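**Q** Below is the sequence, then the predicted model.
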Amino acid sequence: MKTLNFGIVGAGLIADFHARALGDIGNVKLVGFFDSVGAKAQELAEKYSVMAYSSLDEMLADDGIDAITIATPSGAHMEAAVAAAKAGKHVICEKPLEVTLERVDAMIDAHEQSETVLGGIFQNRFNECMLPLRKAIEGGRFGVITYVGVYVPWYRKDEYYDGSWHGTWKLDGGGALMNQSIHMIDMLCDLLGKPESVMAYMNNAGHPQIEAEDTATAVMRFGNGTLGVVYGTTSEYPGRFKRFEIAGTKGTVVYLEDSFTTWEFAEAKDEDEEIRSKFGQVQSGGGVADPAAIDYKNHTLNFKAFIDAIEGKGGACVGGDEAKKAVEVILAIYESAREGKIVKL
Ligand SMILES: NC(=O)c1ccc[n+]([C@@H]2O[C@H](COP(=O)([O-])OP(=O)(O)OC[C@H]3O[C@@H](n4cnc5c(N)ncnc54)[C@H](O)[C@@H]3O)[C@@H](O)[C@H]2O)c1
(Lines give C-alpha, C1' and ligand atoms only; values in the text may rest on other atoms or scores of the structure.)
Protein backbone atom coordinates (compact mmCIF):
# COMPACT_ATOMS: atom_id res chain seq x y z
CA MET A 1 0.00 0.00 0.00
CA LYS A 2 1.38 3.44 -0.99
CA THR A 3 2.26 5.73 1.91
CA LEU A 4 0.29 8.98 1.79
CA ASN A 5 2.19 12.07 2.90
CA PHE A 6 0.24 14.74 4.76
CA GLY A 7 0.83 18.41 5.54
CA ILE A 8 -1.17 20.30 8.17
CA VAL A 9 -2.19 23.93 7.49
CA GLY A 10 -2.80 25.95 10.64
CA ALA A 11 -0.85 24.87 13.70
CA GLY A 12 -3.13 25.75 16.61
CA LEU A 13 -5.24 23.72 19.05
CA ILE A 14 -6.83 21.18 16.71
CA ALA A 15 -3.74 20.71 14.51
CA ASP A 16 -2.12 18.81 17.37
CA PHE A 17 -5.12 16.42 17.38
CA HIS A 18 -4.69 16.00 13.61
CA ALA A 19 -1.05 15.06 14.06
CA ARG A 20 -1.90 12.49 16.73
CA ALA A 21 -4.78 11.06 14.67
CA LEU A 22 -2.60 10.73 11.55
CA GLY A 23 0.09 9.10 13.68
CA ASP A 24 -2.27 6.19 14.38
CA ILE A 25 -2.76 5.32 10.70
CA GLY A 26 -0.38 2.79 9.15
CA ASN A 27 0.15 4.02 5.59
CA VAL A 28 0.30 7.72 6.46
CA LYS A 29 3.27 9.98 7.12
CA LEU A 30 3.07 13.50 8.52
CA VAL A 31 5.55 15.65 6.58
CA GLY A 32 5.12 19.13 8.04
CA PHE A 33 3.11 22.10 9.22
CA PHE A 34 2.43 25.56 7.84
CA ASP A 35 1.01 28.41 9.91
CA SER A 36 0.79 32.11 9.07
CA VAL A 37 2.53 32.60 12.44
CA GLY A 38 5.85 30.90 11.76
CA ALA A 39 6.60 30.17 15.43
CA LYS A 40 3.43 28.07 15.75
CA ALA A 41 4.38 25.85 12.80
CA GLN A 42 7.88 25.61 14.24
CA GLU A 43 6.60 24.53 17.65
CA LEU A 44 4.51 21.62 16.32
CA ALA A 45 7.16 20.72 13.72
CA GLU A 46 9.66 20.27 16.55
CA LYS A 47 7.17 18.26 18.63
CA TYR A 48 6.59 15.79 15.77
CA SER A 49 10.12 16.02 14.23
CA VAL A 50 8.79 17.17 10.85
CA MET A 51 9.21 20.29 8.63
CA ALA A 52 7.92 23.78 9.23
CA TYR A 53 7.09 25.28 5.83
CA SER A 54 7.58 29.01 5.48
CA SER A 55 4.59 29.50 3.16
CA LEU A 56 1.52 27.66 1.90
CA ASP A 57 2.97 27.84 -1.62
CA GLU A 58 6.12 26.10 -0.43
CA MET A 59 4.08 23.29 1.14
CA LEU A 60 1.85 22.89 -1.91
CA ALA A 61 4.85 22.90 -4.27
CA ASP A 62 6.29 19.92 -2.39
CA ASP A 63 5.78 16.95 -4.73
CA GLY A 64 6.13 14.65 -1.73
CA ILE A 65 2.84 15.86 -0.24
CA ASP A 66 -0.32 14.03 -1.31
CA ALA A 67 -2.89 15.61 1.00
CA ILE A 68 -3.36 18.36 3.55
CA THR A 69 -5.56 18.80 6.56
CA ILE A 70 -6.91 22.33 7.10
CA ALA A 71 -6.95 23.57 10.70
CA THR A 72 -7.03 27.34 10.26
CA PRO A 73 -9.88 29.52 11.62
CA SER A 74 -13.08 28.57 9.79
CA GLY A 75 -13.32 31.66 7.57
CA ALA A 76 -9.77 31.01 6.33
CA HIS A 77 -10.37 27.47 5.04
CA MET A 78 -11.26 28.29 1.44
CA GLU A 79 -7.99 29.87 0.32
CA ALA A 80 -5.92 26.86 1.38
CA ALA A 81 -8.49 24.35 0.08
CA VAL A 82 -8.71 25.95 -3.38
CA ALA A 83 -4.93 26.42 -3.68
CA ALA A 84 -4.41 22.79 -2.66
CA ALA A 85 -6.88 21.59 -5.32
CA LYS A 86 -5.02 23.60 -7.96
CA ALA A 87 -1.77 21.96 -6.79
CA GLY A 88 -3.41 18.51 -7.13
CA LYS A 89 -3.53 17.81 -3.38
CA HIS A 90 -6.42 16.12 -1.59
CA VAL A 91 -7.93 18.09 1.31
CA ILE A 92 -9.62 17.16 4.56
CA CYS A 93 -10.95 20.27 6.24
CA GLU A 94 -12.15 21.07 9.74
CA LYS A 95 -15.75 21.95 10.45
CA PRO A 96 -17.39 24.08 9.23
CA LEU A 97 -16.07 23.68 5.67
CA GLU A 98 -16.39 27.47 5.39
CA VAL A 99 -18.60 30.27 6.68
CA THR A 100 -20.66 31.18 3.57
CA LEU A 101 -22.19 28.95 0.91
CA GLU A 102 -20.25 30.82 -1.80
CA ARG A 103 -16.97 29.93 -0.11
CA VAL A 104 -18.07 26.31 0.49
CA ASP A 105 -19.08 25.98 -3.17
CA ALA A 106 -15.74 27.43 -4.33
CA MET A 107 -13.99 24.63 -2.42
CA ILE A 108 -16.28 21.92 -3.80
CA ASP A 109 -15.94 23.23 -7.38
CA ALA A 110 -12.13 23.48 -7.17
CA HIS A 111 -11.82 19.86 -6.05
CA GLU A 112 -14.31 18.63 -8.62
CA GLN A 113 -12.30 20.34 -11.34
CA SER A 114 -8.98 18.92 -10.19
CA GLU A 115 -10.52 15.50 -9.41
CA THR A 116 -9.03 15.56 -5.93
CA VAL A 117 -10.91 14.44 -2.83
CA LEU A 118 -12.44 17.07 -0.52
CA GLY A 119 -13.48 15.71 2.87
CA GLY A 120 -15.02 17.43 5.88
CA ILE A 121 -14.22 16.70 9.51
CA PHE A 122 -17.29 15.75 11.53
CA GLN A 123 -15.69 13.20 13.82
CA ASN A 124 -18.88 12.54 15.82
CA ARG A 125 -20.27 10.71 12.77
CA PHE A 126 -17.70 8.03 13.57
CA ASN A 127 -18.87 7.36 17.15
CA GLU A 128 -19.58 3.67 17.52
CA CYS A 129 -23.07 4.35 18.84
CA MET A 130 -24.05 5.98 15.53
CA LEU A 131 -24.17 2.53 13.87
CA PRO A 132 -27.16 1.09 15.80
CA LEU A 133 -28.97 4.45 15.68
CA ARG A 134 -28.52 4.75 11.91
CA LYS A 135 -29.68 1.14 11.52
CA ALA A 136 -32.79 1.74 13.66
CA ILE A 137 -33.77 4.78 11.56
CA GLU A 138 -33.08 3.04 8.24
CA GLY A 139 -35.01 -0.01 9.45
CA GLY A 140 -38.10 2.11 10.17
CA ARG A 141 -38.12 1.17 13.86
CA PHE A 142 -39.40 4.60 14.98
CA GLY A 143 -42.61 4.25 12.96
CA VAL A 144 -43.57 7.76 11.88
CA ILE A 145 -40.78 10.03 13.16
CA THR A 146 -42.68 12.93 14.72
CA TYR A 147 -39.96 14.82 16.62
CA VAL A 148 -36.22 15.38 16.70
CA GLY A 149 -34.26 17.56 19.12
CA VAL A 150 -30.66 18.81 19.16
CA TYR A 151 -29.31 20.33 22.38
CA VAL A 152 -25.76 21.63 22.90
CA PRO A 153 -25.77 23.38 26.30
CA TRP A 154 -22.08 24.21 26.59
CA TYR A 155 -19.98 26.79 28.35
CA ARG A 156 -17.07 28.94 27.18
CA LYS A 157 -15.28 31.43 29.43
CA ASP A 158 -14.86 35.05 28.35
CA GLU A 159 -11.14 34.34 27.75
CA TYR A 160 -12.09 31.93 24.98
CA TYR A 161 -13.52 34.86 23.01
CA ASP A 162 -11.38 37.80 24.15
CA GLY A 163 -9.02 38.96 21.38
CA SER A 164 -9.76 35.79 19.41
CA TRP A 165 -11.35 34.95 16.05
CA HIS A 166 -14.02 33.02 18.01
CA GLY A 167 -17.48 34.57 17.80
CA THR A 168 -16.59 36.82 14.83
CA TRP A 169 -18.71 36.66 11.69
CA LYS A 170 -15.72 36.80 9.35
CA LEU A 171 -13.57 34.03 10.80
CA ASP A 172 -15.96 31.92 12.93
CA GLY A 173 -18.97 32.49 10.68
CA GLY A 174 -21.12 32.85 13.81
CA GLY A 175 -20.94 31.76 17.42
CA ALA A 176 -22.38 28.86 19.43
CA LEU A 177 -24.12 27.27 16.45
CA MET A 178 -21.45 27.60 13.73
CA ASN A 179 -18.59 26.65 16.03
CA GLN A 180 -19.96 24.29 18.70
CA SER A 181 -23.48 23.02 17.91
CA ILE A 182 -22.52 22.28 14.31
CA HIS A 183 -21.41 18.78 15.29
CA MET A 184 -24.93 17.88 16.42
CA ILE A 185 -26.60 19.75 13.55
CA ASP A 186 -24.43 17.67 11.24
CA MET A 187 -25.58 14.55 13.10
CA LEU A 188 -29.17 15.60 12.44
CA CYS A 189 -28.41 16.10 8.71
CA ASP A 190 -26.59 12.78 8.56
CA LEU A 191 -29.46 10.85 10.15
CA LEU A 192 -32.55 12.65 8.81
CA GLY A 193 -31.37 14.98 6.03
CA LYS A 194 -31.81 18.75 6.02
CA PRO A 195 -35.01 20.32 7.36
CA GLU A 196 -37.29 21.97 4.83
CA SER A 197 -37.71 25.18 6.87
CA VAL A 198 -36.53 26.82 10.09
CA MET A 199 -37.66 29.65 12.39
CA ALA A 200 -35.24 30.97 15.00
CA TYR A 201 -34.10 33.44 17.64
CA MET A 202 -30.54 34.24 18.70
CA ASN A 203 -28.85 36.42 21.30
CA ASN A 204 -25.44 37.05 22.87
CA ALA A 205 -26.52 38.05 26.39
CA GLY A 206 -24.00 35.75 28.09
CA HIS A 207 -21.02 37.08 26.11
CA PRO A 208 -22.10 40.57 24.98
CA GLN A 209 -18.56 41.35 23.82
CA ILE A 210 -18.84 38.97 20.82
CA GLU A 211 -20.30 39.86 17.41
CA ALA A 212 -22.27 36.65 16.88
CA GLU A 213 -24.70 34.59 18.99
CA ASP A 214 -23.77 32.74 22.16
CA THR A 215 -27.28 31.28 22.37
CA ALA A 216 -29.77 30.29 19.69
CA THR A 217 -33.09 28.47 19.58
CA ALA A 218 -34.83 27.24 16.46
CA VAL A 219 -37.77 25.13 15.42
CA MET A 220 -37.67 23.11 12.20
CA ARG A 221 -39.97 21.26 9.87
CA PHE A 222 -38.81 18.42 7.65
CA GLY A 223 -40.29 17.60 4.25
CA ASN A 224 -42.04 14.49 5.59
CA GLY A 225 -43.69 16.46 8.40
CA THR A 226 -41.23 15.65 11.23
CA LEU A 227 -40.89 18.64 13.58
CA GLY A 228 -37.66 19.55 15.35
CA VAL A 229 -35.98 21.78 17.90
CA VAL A 230 -32.42 23.14 18.14
CA TYR A 231 -30.87 24.78 21.22
CA GLY A 232 -27.20 25.72 21.26
CA THR A 233 -25.29 27.88 23.70
CA THR A 234 -21.84 28.62 25.13
CA SER A 235 -23.28 30.48 28.12
CA GLU A 236 -24.60 27.69 30.36
CA TYR A 237 -22.25 27.38 33.36
CA PRO A 238 -20.83 24.81 33.97
CA GLY A 239 -22.04 23.21 30.73
CA ARG A 240 -24.03 20.02 30.16
CA PHE A 241 -23.66 17.07 27.80
CA LYS A 242 -24.80 17.35 24.22
CA ARG A 243 -28.07 15.54 23.52
CA PHE A 244 -29.98 14.27 20.50
CA GLU A 245 -33.56 13.06 20.81
CA ILE A 246 -35.58 11.24 18.20
CA ALA A 247 -39.11 10.00 18.73
CA GLY A 248 -41.95 8.53 16.75
CA THR A 249 -45.09 6.42 16.85
CA LYS A 250 -43.09 3.26 17.57
CA GLY A 251 -39.92 4.28 19.39
CA THR A 252 -37.81 6.84 21.23
CA VAL A 253 -34.04 7.21 21.53
CA VAL A 254 -32.20 9.78 23.61
CA TYR A 255 -28.49 10.08 22.83
CA LEU A 256 -26.45 11.78 25.55
CA GLU A 257 -22.72 12.27 24.94
CA ASP A 258 -22.07 9.04 23.00
CA SER A 259 -24.45 7.00 25.16
CA PHE A 260 -28.17 6.20 25.04
CA THR A 261 -30.21 7.12 28.11
CA THR A 262 -33.38 5.94 26.35
CA TRP A 263 -33.54 3.14 23.76
CA GLU A 264 -37.16 1.96 23.58
CA PHE A 265 -39.16 0.49 20.70
CA ALA A 266 -42.70 -0.88 20.54
CA GLU A 267 -41.36 -3.84 18.59
CA ALA A 268 -38.41 -5.00 20.68
CA LYS A 269 -35.47 -6.87 19.17
CA ASP A 270 -32.93 -9.19 20.80
CA GLU A 271 -30.15 -6.66 20.13
CA ASP A 272 -31.88 -3.90 22.18
CA GLU A 273 -30.69 -5.12 25.58
CA GLU A 274 -27.13 -5.41 24.31
CA ILE A 275 -27.27 -1.87 22.85
CA ARG A 276 -28.67 -0.49 26.13
CA SER A 277 -25.92 -2.12 28.15
CA LYS A 278 -23.07 -1.38 25.71
CA PHE A 279 -23.98 2.31 25.34
CA GLY A 280 -25.50 2.88 28.78
CA GLN A 281 -22.64 4.92 30.19
CA VAL A 282 -21.75 8.50 29.19
CA GLN A 283 -18.41 8.19 27.38
CA SER A 284 -16.70 11.58 27.76
CA GLY A 285 -17.01 15.29 28.54
CA GLY A 286 -16.51 16.06 24.84
CA GLY A 287 -15.65 19.75 25.12
CA VAL A 288 -18.59 20.77 27.34
CA ALA A 289 -16.57 23.58 28.92
CA ASP A 290 -13.05 23.03 27.56
CA PRO A 291 -12.41 22.98 23.80
CA ALA A 292 -9.30 20.83 24.29
CA ALA A 293 -11.14 18.13 26.27
CA ILE A 294 -11.87 15.94 23.26
CA ASP A 295 -10.43 12.62 22.14
CA TYR A 296 -8.65 12.32 18.79
CA LYS A 297 -9.76 8.74 18.08
CA ASN A 298 -12.76 9.73 15.98
CA HIS A 299 -10.55 12.09 13.97
CA THR A 300 -8.50 8.99 13.14
CA LEU A 301 -11.61 7.20 11.85
CA ASN A 302 -12.64 10.33 9.92
CA PHE A 303 -9.17 10.50 8.31
CA LYS A 304 -9.25 6.76 7.49
CA ALA A 305 -12.54 7.20 5.63
CA PHE A 306 -10.96 10.11 3.71
CA ILE A 307 -7.98 7.93 2.81
CA ASP A 308 -10.34 5.18 1.63
CA ALA A 309 -11.94 7.74 -0.69
CA ILE A 310 -8.51 8.77 -2.04
CA GLU A 311 -7.74 5.10 -2.65
CA GLY A 312 -11.08 4.64 -4.44
CA LYS A 313 -12.48 2.30 -1.81
CA GLY A 314 -15.70 4.29 -1.30
CA GLY A 315 -17.04 4.25 2.23
CA ALA A 316 -18.04 6.81 4.78
CA CYS A 317 -15.88 9.83 3.82
CA VAL A 318 -17.83 12.99 4.65
CA GLY A 319 -17.59 14.58 1.18
CA GLY A 320 -17.92 18.27 0.38
CA ASP A 321 -21.65 18.14 -0.42
CA GLU A 322 -22.33 16.22 2.77
CA ALA A 323 -20.29 18.59 4.97
CA LYS A 324 -22.05 21.57 3.36
CA LYS A 325 -25.46 20.57 4.79
CA ALA A 326 -24.86 21.69 8.38
CA VAL A 327 -23.57 25.07 7.15
CA GLU A 328 -26.74 25.51 5.07
CA VAL A 329 -28.96 24.76 8.08
CA ILE A 330 -27.05 27.12 10.40
CA LEU A 331 -27.04 29.95 7.85
CA ALA A 332 -30.81 29.50 7.45
CA ILE A 333 -31.22 29.72 11.25
CA TYR A 334 -29.16 32.93 11.30
CA GLU A 335 -31.21 34.43 8.47
CA SER A 336 -34.46 33.55 10.23
CA ALA A 337 -33.29 35.05 13.54
CA ARG A 338 -32.07 38.23 11.83
CA GLU A 339 -35.14 38.78 9.69
CA GLY A 340 -37.83 37.36 11.97
CA LYS A 341 -39.28 35.05 9.33
CA ILE A 342 -39.53 31.39 8.38
CA VAL A 343 -36.60 30.49 6.10
CA LYS A 344 -36.95 27.65 3.60
CA LEU A 345 -33.90 25.60 2.68
N1 LIG B 1 -13.49 18.96 15.08
C2 LIG B 1 -13.42 19.55 16.26
O3 LIG B 1 -13.88 19.02 17.27
C4 LIG B 1 -12.77 20.90 16.35
C5 LIG B 1 -12.31 21.38 17.59
C6 LIG B 1 -11.69 22.63 17.62
C7 LIG B 1 -11.57 23.37 16.44
N8 LIG B 1 -12.07 22.89 15.27
C9 LIG B 1 -11.96 23.67 14.02
O10 LIG B 1 -10.57 23.73 13.66
C11 LIG B 1 -10.27 25.00 13.10
C12 LIG B 1 -9.14 25.63 13.90
O13 LIG B 1 -9.53 25.76 15.25
P14 LIG B 1 -8.45 25.85 16.43
O15 LIG B 1 -9.22 25.75 17.68
O16 LIG B 1 -7.34 24.92 16.17
O17 LIG B 1 -7.95 27.36 16.23
P18 LIG B 1 -6.57 28.01 16.72
O19 LIG B 1 -6.80 29.46 16.77
O20 LIG B 1 -6.07 27.31 17.95
O21 LIG B 1 -5.55 27.65 15.54
C22 LIG B 1 -5.65 28.20 14.25
C23 LIG B 1 -4.25 28.38 13.69
O24 LIG B 1 -4.34 28.80 12.33
C25 LIG B 1 -3.36 29.81 12.10
N26 LIG B 1 -3.80 30.59 10.94
C27 LIG B 1 -4.69 31.62 10.90
N28 LIG B 1 -4.89 32.00 9.60
C29 LIG B 1 -4.08 31.22 8.84
C30 LIG B 1 -3.84 31.15 7.46
N31 LIG B 1 -4.49 31.94 6.59
N32 LIG B 1 -2.95 30.24 7.01
C33 LIG B 1 -2.29 29.42 7.88
N34 LIG B 1 -2.48 29.45 9.22
C35 LIG B 1 -3.38 30.33 9.69
C36 LIG B 1 -3.29 30.58 13.40
O37 LIG B 1 -2.06 31.28 13.52
C38 LIG B 1 -3.44 29.45 14.42
O39 LIG B 1 -2.19 28.92 14.82
C40 LIG B 1 -11.58 25.78 13.08
O41 LIG B 1 -12.20 25.66 11.83
C42 LIG B 1 -12.41 25.10 14.15
O43 LIG B 1 -13.80 25.21 13.92
C44 LIG B 1 -12.63 21.67 15.20
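**A** Received it, and whenever you're ready, just let me know what you need. Numbers count the residues shown, from 1 in each chain.
**Q** Helix, strand or coil: sort out Asp295 for me.
**A** coil (DSSP: H, G, I helix; E, B strand; the rest coil).
**Q** Burial check on it, number of neighbours?
**A** 17 (other Cβ atoms under 10 Å). Any C-beta I mention is one placed from the backbone N, CA and C, and that applies to glycine too.
**Q** Glu112 too?
**A** Using other Cβ under 10 Å, the number of residues around Glu112 comes to 13.
**Q** can you list the residues that contact the host helix or strand of it?
**A** Element membership for Glu112, per DSSP states H and E: helix 101-114. Helix 101-114 is contacted from outside by 75, 77-78, 81-82, 85-86, 88, 91, 93, 96-98, 117-118, 320-321, 323-324, 327-328, 331, using Cβ atoms under 8 Å, 6 or more residues apart in numbering.
**Q** quick one: secondary structure of the closest residue to Leu188 other than its chain neighbours?
**A** Nearest residue to Leu188, sequence neighbours excluded (Cβ to Cβ, 6 or more residues apart in numbering): Val150, at 5.4 Å. What three-state DSSP gives for Val150 is strand.
**Q** hmm, back to that, how about the helix holding Glu112 and the ligand, any contact?
**A** No: judged by Cβ under 6 Å from any ligand atom, helix 101-114 stays clear of the ligand, getting no closer than 12.4 Å.
**Q** Got the phi and psi for the residue in the stretch 1-150 of the chain that the ligand sits nearest to?
**A** Distances between the stretch 1-150 of the chain and the ligand by Cβ to the nearest ligand atom are smallest at Gly12, namely 1.8 Å. Main-chain torsions, Gly12, degrees, to the nearest 10: phi -110, psi -140.
**Q** ok, now Thr168?
**A** The phi/psi pair for Thr168 (degrees, to the nearest 10) reads phi -100, psi 150.
**Q** got a list of what it touches?
**A** Gly75, Ile210, Glu211, Ala212.
**Q** what are the ranges of the strands in the stretch 1-150 of the chain?
**A** Using DSSP state E, counting those that start in this stretch, the strands of the stretch 1-150 of the chain run over 4-9, 28-34, 51-52, 67-70, 90-93, 118-120, 145-153.
**Q** Output those in TSV; the columns should cover mean pLDDT and mean neighbour count.
**A** Below are the strands of the stretch 1-150 of the chain laid out as TSV (pLDDT from 0 to 100; neighbours: other Cβ atoms under 10 Å):
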stretch	mean pLDDT	mean neighbour count
strand 4-9	98	24
strand 28-34	98	22
strand 51-52	98	20
strand 67-70	98	27
strand 90-93	98	27
strand 118-120	98	28
strand 145-153	98	20
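**Q** Alright, calling it a day.
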